[in-house]
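1. Sharing a model prediction with you, sequence too.
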Amino acid sequence: MLIPLKADSRFEFTNVNCTSYEKQIIDYEYCYLKSINRTYKYLSGKIKLYEVPLSNIKVNFRLWKRFNGYKPFLYNITLDLCKFLVTPKSSPVANFIYESFVEYSNMNHSCPFKNELYVEKLPVDFMNHRFTKILPFPEGDYLFEFLWIRSRSLIASAKIYCTVS
């Protein structure tokens, strides 16, 4: 008699790197991972806006997977952030990523942005559920890269490294 085995995947944050290229427009106040104990880890980041209201922003989302160095994997999407926030379902992939952090963020309104933007205490357990149960990812090391673009100029980036094991 064969007994089915249950395979469990586990999502973990491994690193985060946030960079501002135009500090007179936008700058990171903080960007970090915090591990409270072996089972509770979260991600937090806060962007200060110096040119307000901030609108006309494009975001490029890239997904990378580590194969002897990080290589492009599945997605490289650029979208007008303001248009996307009006109709999030216009891009199912971007909407899945957006829904992965919006509950822990103040990015739940349309443009223009007038205050700082933040993601506060995004727990690894929430991400684990999304990336192993809702949309199961294959095992491996991943990089979620977000590039903020204004007038064809890169103003900031955020790189979130994680692993699915």
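-> Looks like it arrived, so ask away.

2. buried residues in stretch 105-124?
-> For stretch 105-124, the neighbour count (16 or more other CB atoms under 10 Å) marks 107, 111, 113, 117, 118, 119, 122, 124 as buried. All C-beta atoms are positioned from the backbone trio N, CA, C, and that covers glycine.

3. and those, which two are the farthest apart?
-> Pairwise distances across those peak at 29.8 Å for 111 and 124 (criterion: CB to CB).

4. In the longest helix along the chain, which residues are buried?
-> Counting residues, the longest helix found in the chain (DSSP state H) is helix 92-99. For helix 92-99, the neighbour count (16+ other CB under 10 Å) marks 94, 97, 98 as buried.

5. List the contacts of the last one.
-> When the contact criterion is CB atoms under 8 Å, 6 or more residues apart in numbering, the partners of residue 98 are 84, 88, 107.

6. doesn't residue 116 make contact with the last one?
-> No. The pair formed by residue 107 and residue 116 falls short of the contact definition of CB atoms under 8 Å, at 10.7 Å.

7. Tell me which strands the host helix or strand of residue 60 pairs with, and in which orientation.
-> According to DSSP states H and E, residue 60 maps onto strand 57-66. Here strand 57-66 is paired, per DSSP bridges, with strand 70-80 (antiparallel), strand 140-150 (antiparallel).
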